[in-house]
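K.L.:
Would you be able to build a 3D model of this:
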Amino acid sequence: MTLPTLPHTRRRFLARAGALGLAAPLGLVGSPSSAGLLPVPDLAGAPICRVAAAGPAASGALRPIRLAWNASAICTAAAPVAKESGVFARHGLDVEFVNFGGSTEQLLEAIATGKADAGIGMALRWLKPLEQGFDVKVTAGIHGGCMRLLGATSAGATSLEALKGKVIAVSDQASPAKNFFSLLLAKRGIDPEREVEWRVYPMDLLNLAVEKGEAQALADGDPRTFLWAKDARLSEIANNLSAEYHDRTCCILALRGSLVRDERPVAAALTRALLEAGTRVAHDPGYAATVYAGYGGKGSVDDLAAMLRSHTHHHHPLGAELKQQIAAYIDELKTVKVIRARTDAKQFAERVYADVLS
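P.N.:
Next up, the predicted model:
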């Protein structure tokens with residue numbers, strides 16, 4: 001389903017907001033205002049800024065692109081920012097959003113068969129289907145952070161160790177949050193399959209399952225978990241930037257293999273555009289929140305901006321760094337029996353990653 005185009009008045013408002021955001025000193029935007037919000041570094045000399053600037057300005061007709069995304073997931077905020085701020089157009093692209101509500105396997109099949117040209121999604125949702133051999137290539141990490149594990153303070157669920165023997169509410173048994181927090185539990189010596197119970201509830205009712213006492217914790221993604229964490233009865237036990245995962249990407253960009261092979265400049269332009277927009281999100285989360293809210297983002301603009309500050313939209317792993325992160329996920333997912341034990345992590349990373357920017 002194609003999302004409707006924003007009205008002209010909203011486009012004009014967003015354009016003005018964007019201009020103000022770019023003119024503001026970096027110290028006035030993206031500054032943490034509460035615990036857990038990440039400061040935005042000076043990115044002027046960072047490799048991603050040089051990559052984003054490397055593409056020439058667009059001239060002539062724009063290349064149509066169909067980008068699959070999940071409009072309810074704030075981790076995809078770079079996509080609407082790229083569209084509304086004109087970044088896609090500057091890179092020669094006319095991007096149509098496809099809000100994909102099907103399974104991950106269906107989304108990846110849509111990309112592989114050309115029904116969509118690319119998609120943004122969670123690495124821990126996509127790596128298992130990619131193991132099956134879809135002709136889809138990962139070209140960049142988009143950001144880290146956006147999954148949270150929340151526990152009921154009344155049930156004593158305030159640490160990973162305290163979850164032993166307890167019920168954790170999740171949206172499905174293959175959710176990225178279940179996969180990630182299974183890894184954290186395993187690393188703390190807790191068997192995530194035998195010593196905790198993962199119980200499935202409708203996505204928007206996970207907090208109610210905890211409130212009713214049917215579960216003692218929940219694991220899911222922003223914006224829901226960020227908003228639920230404001231409830232004093234819930235405690236944030238961990239998130240996917242915890243400890244050794246502080247610089248690990250969670251959201252990735254994947255393109256159909258034929259686009260990478262046959263139209264490399266287009267693949268490069270799309271990748272550059274989304275990384276440039278991601279940097280814009282990090283520099284000006286207020287503007288990004290306003291744009292995302294215009295696409296139906298759940299939460300106030302202030303809350304959405306705070307969520308974006310708590311993520312790592314300034315960090316976009318590429319090349320050897322991204323391949324190392326993919327391989328690390330593969331080896332870790334073997335320990336919780338998501339990935340086959342015989343899968344070679346390094347070979348897997350080499351197969352699914354495509355360098356389109358060098």
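
K.L.:
List the contacts of residue 188.
P.N.:
Counting by C-beta atoms under 8 Å, 6 or more residues apart in numbering, residue 188 touches 160, 161. Backbone N, C-alpha and C define where each C-beta goes, glycine included.

K.L.:
mind checking the backbone torsions on it?
P.N.:
Main-chain torsions, residue 188, degrees, to the nearest 10: phi -100, psi 10.

K.L.:
State the distance from it to residue 339.
P.N.:
20 Å (C-beta to C-beta, to the nearest Å).

K.L.:
mind giving me the domain ranges of the chain?
P.N.:
Domain assignment for the chain by the TED database gives 63-145+247-352, 147-239.

K.L.:
Save the ones you listed as a markdown table, and put in distance to residue 358 and mean pLDDT too.
P.N.:
Rendered in a markdown table, the data for those read as follows (distance: least, C-beta to C-beta, whole Å; pLDDT from 0 to 100):
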| stretch | distance to residue 358 | mean pLDDT |
| --- | --- | --- |
| domain 63-145+247-352 | 8 | 94 |
| domain 147-239 | 29 | 96 |
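
K.L.:
Check those domains for me and report the most buried one.
P.N.:
Sort the domains of the chain by mean neighbour count, taking mean count of other C-beta atoms under 10 Å, and domain 63-145+247-352 sits at the top with a mean of 21.

K.L.:
Apart from its neighbours in sequence, what residue is nearest residue 114?
P.N.:
In space, not counting the residues next to it along the chain, residue 114 is nearest to residue 256; the distance is 6.0 Å by C-beta to C-beta, 6 or more residues apart in numbering.

K.L.:
Which element, helix or strand, includes residue 235?
P.N.:
strand 234-239 (DSSP states H and E).

K.L.:
what's the answer for residue 316, then?
P.N.:
Using DSSP H and E, residue 316 maps to neither a helix nor a strand.

K.L.:
From residue 323, how far off is the residue lying closest to residue 275 once chain neighbours are set aside?
P.N.:
Distances taken as C-beta to C-beta, 6+ apart place residue 316 nearest to residue 275, at 5.0 Å, with adjacent residues excluded. Using C-beta to C-beta, residue 316 is found at 14 Å from residue 323.

K.L.:
quick one: secondary structure of the residue lying farthest from the centre of the chain?
P.N.:
The centre of the chain is farthest from one residue, residue 60, which by C-alpha atoms, centre = their mean lies 32.0 Å away. Using DSSP: H, G, I helix; E, B strand; the rest coil, the structure places residue 60 in coil.

K.L.:
Quick one, grab the pLDDT at it.
P.N.:
If you check residue 60, the pLDDT there is 77.

K.L.:
what's near enough to touch it?
P.N.:
Residue 60 neighbours (C-beta under 8 Å, 6+ apart): residue 92.

K.L.:
try residue 298
P.N.:
With C-beta under 8 Å, 6+ apart, residue 298 has these contacts: 72, 223, 224, 227.

K.L.:
what about stretch 308-320, start to end distance?
P.N.:
End-to-end distance of stretch 308-320 (C-alpha to C-alpha, to the nearest Å): 26 Å.

K.L.:
Quick check: the residue nearest to residue 114 touching residue 115?
P.N.:
No - taking contacts as C-beta atoms under 8 Å, residue 256 lies outside contact range of residue 115: 9.1 Å.

K.L.:
Pull up the gap between the residue nearest to residue 157 when sequence neighbours are not counted and residue 233, please.
P.N.:
Spatial nearest neighbour of residue 157, excluding adjacent residues (C-beta to C-beta, 6+ apart): residue 151 at 2.9 Å. Residue 151 sits 10 Å away from residue 233, taking C-beta to C-beta as the criterion.

K.L.:
ok, which stretches of the stretch 51-200 of the chain are helices?
P.N.:
For the stretch 51-200 of the chain, applying DSSP state H, counting those that start in this stretch gives helices covering 78-84, 87-90, 104-112, 123-130, 176-187.

K.L.:
And for the stretch 201-350 of the chain?
P.N.:
Shown for the stretch 201-350 of the chain, the helices assigned by DSSP H, counting those that start in this stretch span residues 206-211, 224-228, 257-262, 264-283, 285-294, 301-310, 319-335, 345-352.
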